[in-house]
Every structure is written in structure tokens, then in C-alpha cells.
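Participant: A structural model of the following input is requested.
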Amino acid sequence: MIVNVISNIRNEGDERHLYTGLQRDHDVLRRLLVELGCEVRAVNIFTDPMMPATADLNIYLETLHQGRYLNAAKESWFFPNCEWYFPEWDCLLPRISKVFCKTPDAFRIWSRKVTPDKCLYSAFESRDLYNPTIAKEPRFLHVAGKSSAKGTELLMQAWRSMPYYLTVVTCGQPGPYNNGGEAAQARALAEMCRHIPSVEHRENVSETELADLMNRCRFVMAPSSQEGHGHSPHEALGCKAVLLTTNAPSMSEFNGIDKRLLLPVERQEPRLLTRFNFISPLHVREVVEYAGSLPNEELDKIGGKAREGFLEDRSFFRLTIKKMIEELA
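Facilitator: You can find the predicted model right below:
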């Protein structure tokens, strides 16, 4: 079976840009499809010429952009991110065969937009970075990545009076498509971190360094305003980390999280099909202090359940895609 995986990724294979969530989605899906025996072609919806009508399946990641390539395959699937779905794409939905929802929140939203036979909950998976040989240390980690939706600035406000050690990671170097915006964001974050004694800022960490931090740090802070899937939080769950994340969907619905450690939301703003959720720095301090007070035995249990949730999501996703590919074949 020939599959076009269609997205707006412009930097496939560029080591500097592997930290974008959409790139992660693409890599995970492509790897699974190849394992299932598919021939996979990566297509950029903005730059690649129209493909000939020889594919068996189109899979759109995040964007439908004017319906390009809908005629290039017998069937088309769509993995939306609700915070990046634009209403002008609604006219294209009748030509989409299946909508795959990566989160329960997305499934609730899309169940109201398309007919029941088109919409299914698929879950998703992230890289398994777990290394059981690395012992947990009483440290906190926050992966800022490149997104402004990770709650980094509000987290820094909360951490000004925190005694706990926090490592903040920014990933990826300035590339040819970002006109310096990422570099400016990284500089601003570095300046914020410089004024907080308990915060260390690491820029452009390698994949190996990130995996080591995920395994070494007992706690991972993910105060995101919204997640289409949430690769960094899922990678943390897979590493048996104690995840502190936002008390709002989709973050509060991650399989394997401890509900006692959710960060209260102070305000919300609508964003296309969903909403952005902003945390309260005061409540962040309260939840962090509570997490830091838990005994190691309890933290080990929380980490074990996190790992179980990670594996359950991965298994569900793989079985769902395998079943759908087999039915199509």
C-alpha cells in the first residue's frame, strides 16, 4: 500500500528541528506505517507539486490547506490539532474518509463536527526514552521547545520564590524558515532564567541529553495552555517521571497522570476549535510544594502508573492504525 503523509513540515531530516510536535507526529506515524508494510511518501502541502493519482491513501497531519492532493489517493484520513484547525477547511470534510482524534478532548470536539462513522479516537504515541539504569534525582525539568503554548513564562514567574532546582530546556537552533524568531525567544528565556538562582537554562540540547534529563529528573513541569498530543509530557510519562501539568483538557486527560498534581487554571481564551488555558503562578507553587513533600515510595508509585499509561496509549494507537490499514487493504 502506498501512503502519502501530508503536512507542512519543511525541514524533514534536519537535526536542528526535530523538536516540533508536528515533526514528531510525522516521524511516529511514518515509522509505524513502514512497519505495517506500507510505502510512505512525505509530502509538503505548500512546496511539493501535485502527486499523481497512484497512492492508496492520503494522511493529512494538522492541515488540509485548500484540499491539495485530495485527488491523489483513493481515500483520505485526517489527524487534526484542534488549536490549528481553521473554519475554511469545513467544506473539505465531506471528502475526508476518517478523522483520527489523538486526545479524548479532540474526540468530543470532532464527534460534533462529523458523522459517527468518520470520527474515531486513536490515541497516539511518543518516543520511548526510558532508561531504567538512570536513577531519579529530586530535580524538576521543563521542556520549553519552540512553542509559546508551553506555559514557560508563567512557570518562570512561579519559580522566582521556589527553592527547588529546575532545568529549562530550549531545543533546536535558528533555522532557515523562522526569520530569527526562535533565537529571540531563546535569548529572552535565557535572560529570565539568569535572574532566578534555582533555574538552569540549557539551549540546543541534543537528543541524547534530553533523554538523559527525562530519565534523571524526578519531576517534569508541563504547564501547557493546549496540546494537540503533547510529545514532551508523554515522553516524561514514559520515563516514569512525576508529571505536573495543566488542569484542563487535553492535558488533564493524559493517560497515567496523577490527578492530585494538576495545575489550576486561572483564565481561558478561545482558540479556533478549542481553548487556551493559563495557569496561576500561586497555585503552581502550591502544587510543586505538595509534590516535593511526597515520600519517594509514593513518587515511585506515581512514576510506575505513568509508565503504564504511556504503554497503554502506545498499544492502543498501534492496534488502531493496524486495524484501519488492514481494513483498507
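Participant: Please name the bridge partners of residue 43.
Facilitator: residue 6 (DSSP bridges).
Participant: residue contacts, it?
Facilitator: Contacts for residue 43 (C-beta atoms under 8 Å, 6 or more residues apart in numbering) come out as 4, 5, 6, 7, 51, 69. All C-beta spots, glycine's among them, are computed from the backbone N, C-alpha and C.
Participant: That one and residue 217: what is the separation?
Facilitator: 37 Å (C-beta to C-beta, to the nearest Å).
Participant: quick check, nearest of the contacts of residue 43 to residue 157?
Facilitator: residue 7 (34.0 Å; C-beta to C-beta).
Participant: which of the residues in stretch 268-277 are buried?
Facilitator: Judged by neighbour count (16 or more other C-beta atoms under 10 Å), stretch 268-277 contains these buried residues: 273, 274, 275, 276, 277.
Participant: of these, closest to residue 251?
Facilitator: Nearest member of those to residue 251, counting by C-beta to C-beta, is residue 277, at 7.7 Å.
Participant: Disregarding flanking residues, what is the spatial nearest neighbour of the closest one?
Facilitator: residue 248 (3.9 Å; C-beta to C-beta, 6 or more residues apart in numbering).
Participant: next one: residue 190
Facilitator: Closest to residue 190 by C-beta to C-beta, 6+ apart is residue 201, at 5.0 Å.
Participant: before we move on, the earlier item: which members of the contacts of residue 43 define the maximum pairwise distance?
Facilitator: Longest span within the contacts of residue 43, C-beta to C-beta: 7 and 51, 13.8 Å.
Participant: Counting neighbours around each, name which of the two comes out higher.
Facilitator: Shown here are residue 7 and residue 51; by other C-beta atoms under 10 Å, residue 7 has more neighbours (23 against 18).
Participant: My read is that the more buried one contacts residue 44, right?
Facilitator: Yes. If you go by C-beta atoms under 8 Å, residue 7 and residue 44 touch, sitting 7.1 Å apart.
Participant: tell me the centre residue of the protein?
Facilitator: residue 230 (2.3 Å; C-alpha atoms, centre = their mean).
Participant: List the contacts of residue 270.
Facilitator: Each residue near residue 270 by C-beta under 8 Å, 6+ apart is listed here: residue 276.
Participant: does it count as helix, strand or coil?
Facilitator: What DSSP: H, G, I helix; E, B strand; the rest coil gives for residue 270 is strand.
Participant: separation between it and residue 154?
Facilitator: Distance from residue 270 to residue 154, by C-beta to C-beta: 19 Å.
Participant: same deal with residue 143?
Facilitator: Residue 143 sits 15 Å away from residue 154, going by C-beta to C-beta.
Participant: The closest residue to residue 165 other than its chain neighbours sits in which helix or strand?
Facilitator: Excluding the flanking residues, the one nearest residue 165 by C-beta to C-beta, 6+ apart is residue 139, at 5.1 Å. Assigned by DSSP states H and E, residue 139 falls within strand 137-143.
Participant: That strand - contacts with which helices or strands?
Facilitator: strand 166-170, helix 207-216, strand 217-222 (3 or more C-beta pairs under 8 Å, 6 or more residues apart in numbering; DSSP states H and E).
Participant: For the last one, which helices and strands make contact with it?
Facilitator: Secondary-structure packing of strand 217-222 (3+ C-beta pairs under 8 Å, 6+ apart): strand 137-143, helix 231-238, strand 242-245, helix 281-293.
Participant: what comes up buried for the one helix or strand residue 323 maps to?
Facilitator: Here residue 323 sits within helix 296-328, counting by DSSP H and E. Residues 299, 302-303, 305-307, 309-311, 313-314, 316-318, 320-321, 324-325 are the ones in helix 296-328 that count as buried (16+ other C-beta under 10 Å).
Participant: Could you do stretch 230-242 as well?
Facilitator: For stretch 230-242, the neighbour count (16+ other C-beta under 10 Å) marks 230-242 as buried.
Participant: can you map out the strands along the stretch 1-150 of the chain?
Facilitator: Here the stretch 1-150 of the chain has its strands, by DSSP state E, counting those that start in this stretch, at 2-7, 39-44, 55-61, 73-79, 98-101, 119-121, 137-143.
Participant: Grab the nearest non-local neighbour of residue 163.
Facilitator: If the residues on either side of it in the chain are set aside, residue 163 comes closest to residue 198, at 6.4 Å by C-beta to C-beta, 6+ apart.
Participant: how many neighbours does the one you found have?
Facilitator: 14.
Participant: Next one: it from residue 286, what distance?
Facilitator: From residue 198 over to residue 286 (counting by C-beta to C-beta), the distance is 17 Å.
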